[in-house]
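*Asks:* Could you look at this predicted model? Sequence included:
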Amino acid sequence: MPFIDVLGAWIAIFITFCILSYLYDDNPFYKLAEHLFVGTSVGYSLVLQWFGTVKPNLVDRLTASELGAARFVYLVPCALVLCLFMKLTNRYNWMGRLAIAFVIGIYAGQNIPAYANSDLLTQIYVTTREVFTSGDKPLSDIIGIVVLVVGVVASLMYFFLSREHKGWFGRMSKVGIWVLMIGFGASFGYTVQGRISLAIGVAMDVLDISRPAAEARQVHGPVVSAISIAIIAVGLIWMRRRGTRTPPERDTHPPSN
Amino acid sequence: MKLAWEKLQSFDRRWLFLAMGLAIALPLMFEFTMPFTTSPRVRALYDEIETLPPGTQVLLAIDYDPASKPELEPFARAVLRQLLLRRCRVVLMTLWDKAPPIVMALIEDIIEGEHDRHRGLFEGRDDPPLRYGVDYVFFGFKEGKEIVIAGLGQSFRQIYPADYRERPVGQLPIMNGINRLSDFPLIVEVSAGFPGTKEWVQQVVTRYGLRYAAATTSVSVTELSPYYPRQMFSLVGGMRGAAEYEKLVGQVGLATRGLNVLTVGHVVIVLAITMGNVIYFKTRKRKRGAR
Amino acid sequence: MKQTLPLVITFVLGVLFVVEFFIPAHGVHELTALLQEWGSVLAAFAFILGGINLMQANLPRIWRREKDWPYKVVLVASALVMLGVGLWEGQEGRTFLYLYDHIFAPCNATMFALLAFFITSAAFRAFRARNLEAFLMLSTAVLVMLCVVPLGELVALLFPEPLRTTIASLPSDIKDWILDYGNNAGRRAIMIGAALGAIATGLRVILGLERSHLGGE
């Protein structure tokens, strides 16, 4: 591994701790990393838009002689792009609507049958099908199917706002809320898994666990991590003494009950 | 005077951050793997790939960024290795602009690096080398989200006229017989969010009845669960799902390694919830008593 | 023309893409694929427009030396360096990928990793069993959390076979049951409701009743 890459790994570790320093308090190290992140992200994405889409699907199409006269059909998207950039002017701002209308028209048109097919009809079909195929299933699944069917109906009733939630309708919509809460609980459980996994990934990176052994011997992640923490801590203490620390934004209030 | 319970209720949350930090960092110091079972929704994809004949063209969509790497990369590595060992031909693509370097690193690590050094992938086997454009190809990133997914269902070549290295699609032998998504016998997507599994299912999978499997971040699992098993025959969820897949392909990777840390992390969260509730009920009781 | 032409474009394309779903003719698919390719190009340019907008928003703040202006310099400079290097070297350029690997990637990963810590704080402070609904949510969350990690498999090691296999697979079975039935019931209702909403909105857009995307009411 050349030294330039080792240096890169050190920078990456330092930036990681700059962002983690936000857990202590909002501070200039975090802000620096945050703006660096947004800047590099925007710059990177623009490059990918060019090489991934604009060049192959517009520029190369227009310059491809093997397409013959057919390539001139790509002058239409060129015109639409021009309209889009008119949004930057005051006088011809309205022309931007033509490009937006083009994209929105496609979205609206393709989403109507897509949603109807995938999220409406198929979901209703799959739910009712469960009832008719429950004969040979174990007891736990039969109970589950009852929960599923009653739960779907009850939750839909909860979302039905054109009728007052009173009497049997109100009781069913109450069941709907319980079912939704079970779903949200499951979501929270899975979200915890996801968030901790991401932190594990970062820890593996800074502790050299995700690196091949040969690279880890050069990078010395744990040592660089300790040095990074020390630099940031000294920096924060120094800034606090000079009174240049940004005001704390963290929530120190106890939750209202 | 504040009582101890009330003080606990408003104690500095940075102690909790520290507890979680230690819960993640400390178990990583010890190398041990926990026993775990594999679930049918993960096994379904493994079994499907094991029955594919050599030469089958499989579309592998890599839709994640560095933020979701810990959850999804172990699966992506495991499934790519399995597909190549089965001698399936792999067509890679992405709808995430931050993904191309991740895909190129996968190709370099698993295909080009390992194979060229005659270790890892085909170790102990007399397989011919994998050739770019014949056995695998990467089509790169395309902007447009749902529009692109629907477009790929109509004409793959219209949306992707060339691969990542600007080779025209007509010059890639791997694409023989592939005109649209329905020409792929199997599509596997590794998805971290939007555009991802939901959009694939809505725009093309249900419409064309595609054979489709997805590995997603944990956060998306509950949202995508209604699509399983009719609209996607396999759903690999988060780091646990990835660890299960690593186990199936017989490879101890970073997901398996991370599973013990995940366990400790979950225990910390459950303890935090329990502690929060004990404090809540104790202080509520006291407030009611005071009234 | 300023109002009518965009509405006509939306209507024509919207109707075309709805109708196309029901027509398996090859020619229609070729046309829609071409239009989708143009849509993809426009989406890419919209992103470029976003980049220009970012500059328009930040450069005046730098000139005026507004609060936190040095950070804005970092933002603009890093965006321009990344863009310049990328366009010069190409998307596989060494410096371009170096900046991606060593600056963007760790920032991206750590930003999201912070959420692990905040979710711990939220679990302690906000996740209270105040009523039956909150209790149902909380208990499901705890059950899923315990079943998603191999704690059951660890406990199973204390038991002899065949009890061990049963206990080991129990957490996974519970988790799958919650997903397949408890969770799917609410999720399907949300999905059906959202689908009805999306269809209604789509129709309103195509028919010109919804014009907010064009800057109107």
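*Replies:* Cool, got the structure.
*Asks:* what about the strands in the stretch 51-200 of chain B?
*Replies:* B:57-63, B:89-94, B:136-141, B:186-191 (DSSP state E, counting those that start in this stretch).
*Asks:* TSV for these, including mean pLDDT and mean neighbour count?
*Replies:* All C-beta spots, glycine's among them, are computed from the backbone N, C-alpha and C. Converted to TSV, the strands of the stretch 51-200 of chain B look like this (pLDDT from 0 to 100; neighbours: other CB atoms under 10 Å in any protein chain shown):
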stretch	mean pLDDT	mean neighbour count
strand B:57-63	96	24
strand B:89-94	96	24
strand B:136-141	94	25
strand B:186-191	96	25
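*Asks:* Export only the CA atoms of stretch B:81-100, formatted as PDB.
*Replies:* C-alpha atoms of stretch B:81-100 as PDB (Å, rounded to 0.1, in the frame of the first residue of the first chain):
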ATOM      1  CA  ARG B  81     -19.200 -15.100  -5.200                       C
ATOM      2  CA  GLN B  82     -22.000 -17.700  -5.300                       C
ATOM      3  CA  LEU B  83     -23.200 -16.600  -8.700                       C
ATOM      4  CA  LEU B  84     -19.600 -16.700 -10.200                       C
ATOM      5  CA  LEU B  85     -18.900 -20.100  -8.600                       C
ATOM      6  CA  ARG B  86     -22.000 -21.400 -10.300                       C
ATOM      7  CA  ARG B  87     -20.600 -19.900 -13.500                       C
ATOM      8  CA  CYS B  88     -23.600 -17.700 -13.900                       C
ATOM      9  CA  ARG B  89     -23.000 -14.600 -16.000                       C
ATOM     10  CA  VAL B  90     -23.500 -11.500 -13.900                       C
ATOM     11  CA  VAL B  91     -24.800  -8.100 -15.300                       C
ATOM     12  CA  LEU B  92     -24.200  -5.400 -12.700                       C
ATOM     13  CA  MET B  93     -26.000  -2.000 -12.700                       C
ATOM     14  CA  THR B  94     -27.000   0.700 -10.200                       C
ATOM     15  CA  LEU B  95     -29.500   3.500  -9.800                       C
ATOM     16  CA  TRP B  96     -27.500   5.100  -7.000                       C
ATOM     17  CA  ASP B  97     -24.900   7.700  -8.100                       C
ATOM     18  CA  LYS B  98     -22.700   6.900  -5.000                       C
ATOM     19  CA  ALA B  99     -22.500   3.200  -5.900                       C
ATOM     20  CA  PRO B 100     -20.200   2.800  -8.900                       C
END
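*Asks:* Just the buried positions in that stretch, please.
*Replies:* By 16 or more other CB atoms under 10 Å in any protein chain shown, the buried positions in stretch B:81-100 come out as B:81-84, B:86-100.
*Asks:* ok, which of the residues you listed also contact chain A?
*Replies:* Taking CB under 8 Å from any CB of the partner chain as the test, chain A is in contact with B:97, B:98, B:100 out of the buried residues of stretch B:81-100.
*Asks:* Just the pLDDT at the spatially closest residue to the second one that is not a sequence neighbour, thanks.
*Replies:* In this case it means residue B:98. Leaving aside its chain neighbours, residue B:98 sits nearest to residue B:65 (3.7 Å; criterion: CB to CB, 6 or more residues apart in numbering or on different chains). Residue B:65 carries a pLDDT value of 94.
*Asks:* Kindly report the same for residue B:120.
*Replies:* 59.
*Asks:* where does chain C have low pLDDT?
*Replies:* Scanning chain C for pLDDT under 70 picks out C:216-217.
*Asks:* As JSON lines, the strands of the stretch 51-200 of chain B with distance to residue C:88 would be great.
*Replies:* Output for the strands of the stretch 51-200 of chain B, formatted as JSON lines (distance: least, CB to CB, whole Å):
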{"stretch": "strand B:57-63", "distance to residue C:88": "26"}
{"stretch": "strand B:89-94", "distance to residue C:88": "23"}
{"stretch": "strand B:136-141", "distance to residue C:88": "19"}
{"stretch": "strand B:186-191", "distance to residue C:88": "31"}
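*Asks:* Identify whichever of those strands lies nearest to residue B:165.
*Replies:* strand B:136-141 (8.0 Å; CB to CB).
*Asks:* Are the closest one and chain A in contact anywhere?
*Replies:* Yes: Strand B:136-141 is in contact with chain A by CB under 8 Å from any CB, via B:140, B:141.
*Asks:* Which other helices and strands does that strand contact?
*Replies:* Applying 3 or more CB pairs under 8 Å, 6 or more residues apart in numbering or on different chains; DSSP states H and E, one finds that strand B:136-141 makes contact with strand B:89-94, helix B:100-106.
*Asks:* which residues touch it?
*Replies:* A:48, A:51-53, B:84, B:89-97, B:99-100, B:103-104, B:107, B:111, B:130, B:160, B:163-164, B:172, B:174-175, C:91 (CB atoms under 8 Å, 6 or more residues apart in numbering or on different chains).
*Asks:* now it against strand B:89-94, angle please.
*Replies:* Put simply, strand B:136-141 runs at 10 degrees to strand B:89-94, going by axes from the mean of the first three to the mean of the last three CA atoms, to 10 degrees.
*Asks:* Strand B:136-141 relative to strand B:57-63, how many degrees between them?
*Replies:* Using the same axes, to 10 degrees: strand B:136-141 against strand B:57-63 is 40 degrees.
*Asks:* Can you list phi and psi of the residue of chain C most remote from its centre for me?
*Replies:* The centre of chain C is farthest from one residue, residue C:160, which by CA atoms, centre = their mean lies 45.6 Å away. Taking degrees, to the nearest 10, you get phi -80, psi 160 for the backbone angles of residue C:160.
*Asks:* So it versus residue C:166, what's the distance?
*Replies:* 11 Å (CB to CB, to the nearest Å).
*Asks:* that older thread, I'd like the ones next to chain A among the buried residues of stretch B:81-100 written out as CSV, with pLDDT added.
*Replies:* As requested, those are arranged in CSV below (pLDDT from 0 to 100):
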residue, pLDDT
B:97, 94
B:98, 95
B:100, 96
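*Asks:* centroid residue for chain C?
*Replies:* Nearest to chain C centroid, counting by CA atoms, centre = their mean: residue C:112, 13.3 Å.
*Asks:* Please compute how far the host helix or strand of that one lies from its chain's middle.
*Replies:* Take DSSP states H and E as the rule and residue C:112 turns out to sit in helix C:105-125. Mean-position distance between helix C:105-125 and its chain equals 17 Å (CA atoms, centre = their mean, to the nearest Å).
*Asks:* Give me the packing partners of that helix, helices and strands only.
*Replies:* By 3+ CB pairs under 8 Å, 6+ apart, helix C:105-125 packs against helix A:3-20, helix A:28-49, helix A:167-206, helix B:14-29, helix B:254-290.
*Asks:* What is the burial count for residue B:64?
*Replies:* The tally of other residues near residue B:64 (other CB atoms under 10 Å in any protein chain shown) stands at 27.
*Asks:* Who are the contact partners of it?
*Replies:* Counted by CB under 8 Å, 6+ apart, residue B:64 has contacts B:72, B:73, B:96, B:99, B:102, B:190, B:191, B:192, B:217.
*Asks:* how about 7 Å then?
*Replies:* For residue B:64, the contacting residues are B:72, B:96, B:99, B:190, B:191, B:192, by CB atoms under 7 Å, 6 or more residues apart in numbering or on different chains.
*Asks:* Which of the strands of the stretch 51-200 of chain B sits closest to residue A:124?
*Replies:* strand B:186-191 (24.9 Å).
*Asks:* So in that sheet, which strands flank that closest one, and in what orientation?
*Replies:* strand B:57-63 (parallel), strand B:212-216 (parallel) (DSSP bridges).
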